[in-house]
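Peer 1: Got a predicted structure plus its sequence, pasted below:
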Amino acid sequence: MPLYQLFCIANHFREYKHIKDLVTMSAMHVMNEGGVVRNIQFNGTQTLPERMRRHKQYYTVGDYWTMDFDTSPRTLRTLAGTMRRDHRVIRWTMLKLGEKAEDVVTSPEQTVDRHLATSSSKTSPHWSS
């Protein structure tokens, strides 16, 4: 299954319940169709870069969140339809990150040993390879 990332801007409500329900509904939709949700990240409430119109209303503030998941293309289409009909969603997009999770994982960095300097220079540690 391909790895995707959903980026969503949702309508801001005073209660946290609305954004929680939207994220839960999206994650459960993916999981009920046999997909795997790998990460959900809330990026905060921000002023929108411009006034946006959706479902005959104008918005100036939105809640930003992302979800990384593996799923089939069919499930991706049904999730897009769900986002399109949901009145809490202002904007969304789905990006294909790779065919497999291994495609987007970077190799681990080489470990660097950190040795503290001797008593002659106590200002900053030096790095050795």
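Peer 2: Great, that's in hand.

Peer 1: Could I get the full set of helices for this structure?
Peer 2: Assigned helices in the chain, in chain order: 17-32, 73-85, 101-104 (criterion: DSSP state H).

Peer 1: now for those, which one comes closest to Thr45?
Peer 2: helix 17-32 (9.1 Å; CB to CB). Every C-beta, even on glycine, is put in place using the N, C-alpha and C of the backbone.

Peer 1: buried residues in that closest one?
Peer 2: The neighbour-count criterion (16 or more other CB atoms under 10 Å) identifies 19, 22-23, 26-27, 29-30 as the buried residues of helix 17-32.

Peer 1: How about the contacts made by the residue positioned nearest the centre of the chain?
Peer 2: Within the chain, one residue has its C-alpha closest to the average C-alpha position: by CA atoms, centre = their mean, that is Thr66, at 2.1 Å. For Thr66, the residues meeting the contact criterion (CB atoms under 8 Å, 6 or more residues apart in numbering) are 5-8, 39-41, 43.

Peer 1: Kindly recompute the last result at 7 Å.
Peer 2: With contacts defined as CB atoms under 7 Å, 6 or more residues apart in numbering, the neighbours of Thr66 are 5-7, 41, 43.

Peer 1: just these now: which is nearest Arg91?
Peer 2: Ranked by distance to Arg91 (CB to CB), the contacts of Thr66 are led by Phe7 at 8.4 Å.

Peer 1: mind checking how far that closest one is from Asp68?
Peer 2: Taking CB to CB, to the nearest Å as the criterion, Phe7 is separated from Asp68 by 10 Å.

Peer 1: again, but for Asn11
Peer 2: As defined by CB to CB, Asn11 lies at a distance of 23 Å from Asp68.

Peer 1: Ranked by average pLDDT, which of the helices of the chain falls at the bottom?
Peer 2: Taking each of the helices of the chain in turn, the lowest mean pLDDT turns up on helix 101-104, with a mean of 65.

Peer 1: All set now, cheers.
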